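K.L.:
Give me the fold of what follows.
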Amino acid sequence: MATQFSDLDIIDPIQEALQAIDVLTPTAIQEKAIPALLTTKKDMVALAKTGSGKTIAFGLPLLQLIDRTNPTIQAVIVVPTRELGQQIHRNIESFATQMPEVKIAAVCGGVPIKPQIKRLTKPTQIVVATPGRLIDLIKRQAINIKNANYLVLDEADEMVSSLGEGLDDIVKELPNNRRTILFSATLPGSIKQLVQNYMSKNVIQIESEMETIGHQGITHQYVVVEPIEKLDVLMHFLNTRLGQRGIIFCKTKAAVNKLAKNLAINKFSSGALHGSLSQPIRDRIMGQFREGHIDILVATDLAARGIDVKEITYVVNYHLPDVYEVYVHRSGRTARAGVPGYALTILQQEEKHEIKDFEDELGISFSAFAKADPQTLEENNTLLWAKKIFKTKPNHTITPEFKEKVHTVFHHLTKEELIDKLLAYYHS
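P.N.:
Coordinates of the predicted model:
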């Protein structure tokens, strides 16, 4: 087993850049993918869990294989979301700090296209793009990928629906002898069809740690709740995880907004992320989460793509996903860089039977989460109510005269007596 990147024949400038960002030891997928990309000219399908280091697995070989003296686009990396595109762009730039002649551009949707068109008039060897924006640029004849030797489809299983027939528009612009490199966390039928349609017959397939996502250091639990207590159970769980960072997944944008509003009302450090938010707002929320200014992200599945935060300690499925592969992606947000992870799924009674299907399909094991009893849930709600009072800002528009009148009502009470009366009033 390789113990360092020099064992994989990575050139010195890239090794120096990796050392500068404290990346010293290859992961399993990197050990398999890097030699395959450097020593063969075949197409490749790589299956690896989310967070296993896939960007390094394809990014380092691309930097090494491109002609650095040629200022034209030689590699196109297609990703499902702008957030993931930005992340990959930042990462590959960090790998290339000792290769100043290499220029990398990100052309993703959700932001004005004109600055991207202007950027593409300058030397560029590697482009990171979302499908829609790339097709738009092709139709405007603002990008030339006719000499690109490499097409990378990252998180391909998350991108099949957004690609649709658009992949035809991309592929017909590329040379016939290009290499196609596909990375995915799962291999559903749609991906198999994509491989058959767009990749060579002699494709290399590699897998890493894909036997079961249960072997990835993730504890999978579920809890069955009545609809009326679902939010209370969640808030009790979150109160046991104060100070930790986590993601709560909802099926719809409306559900994300509703839940995020409830968390904000109860003074949880949280933010919402979904596709209908403007790009500046999404960037701001992502930045706050990445930098640790907020602890909880409430998100739809697609909006959460590209979140590369190692300190995510838990994931909550507030709604059970419809597709098995989505569960893989959700739980893959946690248990990064060898740190144990946790995934909790909140179910209603009629959904409980689906847990067995998820276990059988994904090869994982769920255990039951011990739901708090009604008294504990009520005490938790009381505690949240007390915190709301504590965090309420004083109303400085109240006149001193009126404030004195209210003070007179309570002046003879001790602090303990006042708390007793507040609690009695809350429960009355």
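
K.L.:
Which residue ranges of the stretch 1-150 of the chain form helices?
P.N.:
For the stretch 1-150 of the chain, the helices defined by DSSP state H, counting those that start in this stretch cover 12-20, 28-39, 54-65, 82-95, 114-119, 131-139.

K.L.:
Deepest-packed of those helices, please.
P.N.:
With neighbours taken as mean count of other CB atoms under 10 Å, those reach their highest mean count in helix 54-65, at a mean of 24. Just so you know, the C-beta spots here come from the backbone N, C-alpha and C atoms, and that holds for glycine as well.

K.L.:
which helices and strands does it pack with?
P.N.:
When contacts are defined as 3 or more CB pairs under 8 Å, 6 or more residues apart in numbering; DSSP states H and E, helix 54-65 sits against helix 12-20, helix 28-39, strand 44-48, strand 75-78, helix 82-95, strand 150-153, strand 179-184.

K.L.:
again, 7 Å this time
P.N.:
Packed against helix 54-65 by the contact rule (3 or more CB pairs under 7 Å, 6 or more residues apart in numbering; DSSP states H and E) you find helix 12-20, helix 28-39, helix 82-95, strand 179-184.

K.L.:
and the angle for that helix with helix 82-95?
P.N.:
Put simply, helix 54-65 runs at 50 degrees to helix 82-95, going by axes from the mean of the first three to the mean of the last three CA atoms, to 10 degrees.

K.L.:
same question for helix 54-65, mean pLDDT?
P.N.:
Taken as a whole, helix 54-65 has a mean pLDDT of 94.

K.L.:
mind giving me TSV with the helices and strands packed on helix 54-65 and columns for distance to residue 274 and mean pLDDT?
P.N.:
Converted to TSV, those look like this (distance: least, CB to CB, whole Å; pLDDT from 0 to 100):
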stretch	distance to residue 274	mean pLDDT
helix 12-20	35	93
helix 28-39	30	92
helix 82-95	12	90
strand 179-184	23	92
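
K.L.:
could I get the ones you listed as TSV with distance to residue 260?
P.N.:
Formatted as TSV, those follow (distance: least, CB to CB, whole Å):
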stretch	distance to residue 260
helix 12-20	37
helix 28-39	34
helix 82-95	18
strand 179-184	30
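
K.L.:
Residue 393: which of these is closest?
P.N.:
For the helices and strands packed on helix 54-65, the distance to residue 393 is smallest for helix 82-95, at 33.0 Å, taking CB to CB.

K.L.:
and the angle for the closest one with helix 131-139?
P.N.:
Using the same axes, to 10 degrees: helix 82-95 against helix 131-139 is 80 degrees.

K.L.:
For helix 82-95, enumerate the helices and strands it packs against.
P.N.:
When contacts are defined as 3+ CB pairs under 7 Å, 6+ apart, helix 82-95 sits against helix 12-20, helix 54-65, strand 104-107, strand 126-129.

K.L.:
go again using 8 Å as the cut-off
P.N.:
Against helix 82-95 (3+ CB pairs under 8 Å, 6+ apart) you get helix 12-20, helix 54-65, strand 104-107, strand 126-129, helix 279-290.

K.L.:
and residue 92, which of those is closest to it?
P.N.:
Closest to residue 92 of the helices and strands packed on helix 82-95, according to CB to CB: helix 54-65, at 4.6 Å.

K.L.:
export the closest one as CSV, just CAs?
P.N.:
Extracted C-alpha coordinates of helix 54-65, given in CSV (Å, rounded to 0.1, in the frame of the first residue of the first chain):
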residue,chain,number,x,y,z
LYS,A,54,-12.3,12.0,-5.2
THR,A,55,-11.2,15.5,-6.2
ILE,A,56,-7.5,14.6,-5.5
ALA,A,57,-8.1,11.2,-7.3
PHE,A,58,-8.9,12.9,-10.6
GLY,A,59,-7.4,16.4,-10.0
LEU,A,60,-3.8,15.4,-9.6
PRO,A,61,-3.6,13.2,-12.7
LEU,A,62,-5.3,15.9,-14.8
LEU,A,63,-2.7,18.5,-13.6
GLN,A,64,0.1,16.0,-14.5
LEU,A,65,-1.4,14.9,-17.9
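
K.L.:
could I get the helices and strands packed on helix 82-95 as TSV with distance to residue 414?
P.N.:
Converted to TSV, the helices and strands packed on helix 82-95 look like this (distance: least, CB to CB, whole Å):
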stretch	distance to residue 414
helix 12-20	60
helix 54-65	60
strand 104-107	61
strand 126-129	63
helix 279-290	40
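
K.L.:
And the helices in the stretch 251-400 of the chain?
P.N.:
Here the stretch 251-400 of the chain has its helices, by DSSP H, counting those that start in this stretch, at 253-265, 279-290, 324-331, 354-362, 374-391, 400-410.

K.L.:
Just the C-alpha atoms of the longest one, please, in PDB.
P.N.:
In PDB, the C-alpha atoms belonging to helix 374-391 read as follows (Å, rounded to 0.1, in the frame of the first residue of the first chain):
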ATOM      1  CA  PRO A 374     -43.500  13.000  26.800                       C
ATOM      2  CA  GLN A 375     -42.300  14.600  30.100                       C
ATOM      3  CA  THR A 376     -38.700  14.900  28.800                       C
ATOM      4  CA  LEU A 377     -40.000  16.500  25.600                       C
ATOM      5  CA  GLU A 378     -42.100  18.900  27.500                       C
ATOM      6  CA  GLU A 379     -39.200  19.800  29.800                       C
ATOM      7  CA  ASN A 380     -37.100  20.400  26.700                       C
ATOM      8  CA  ASN A 381     -39.700  22.700  25.200                       C
ATOM      9  CA  THR A 382     -39.800  24.600  28.500                       C
ATOM     10  CA  LEU A 383     -36.000  25.000  28.400                       C
ATOM     11  CA  LEU A 384     -36.200  26.300  24.800                       C
ATOM     12  CA  TRP A 385     -38.900  28.800  25.900                       C
ATOM     13  CA  ALA A 386     -36.600  29.900  28.800                       C
ATOM     14  CA  LYS A 387     -33.700  30.400  26.300                       C
ATOM     15  CA  LYS A 388     -36.000  32.500  24.000                       C
ATOM     16  CA  ILE A 389     -36.700  34.800  27.000                       C
ATOM     17  CA  PHE A 390     -33.000  34.900  27.800                       C
ATOM     18  CA  LYS A 391     -32.000  35.800  24.200                       C
END
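
K.L.:
what's the average pLDDT for that helix?
P.N.:
On average, helix 374-391 scores 89.

K.L.:
Need the residues that contact it.
P.N.:
Here helix 374-391 makes contact (CB atoms under 8 Å, 6 or more residues apart in numbering) with 229, 232-233, 235-236, 239, 265-267, 372, 422-423, 426-427.

K.L.:
Helix or strand for the residue lying closest to residue 371 once chain neighbours are set aside, just tell me which one.
P.N.:
Take residue 371 and drop its neighbours on the chain: the residue closest to it by CB to CB, 6 or more residues apart in numbering is residue 223, 5.1 Å away. Assigned by DSSP states H and E, residue 223 belongs to strand 218-225.
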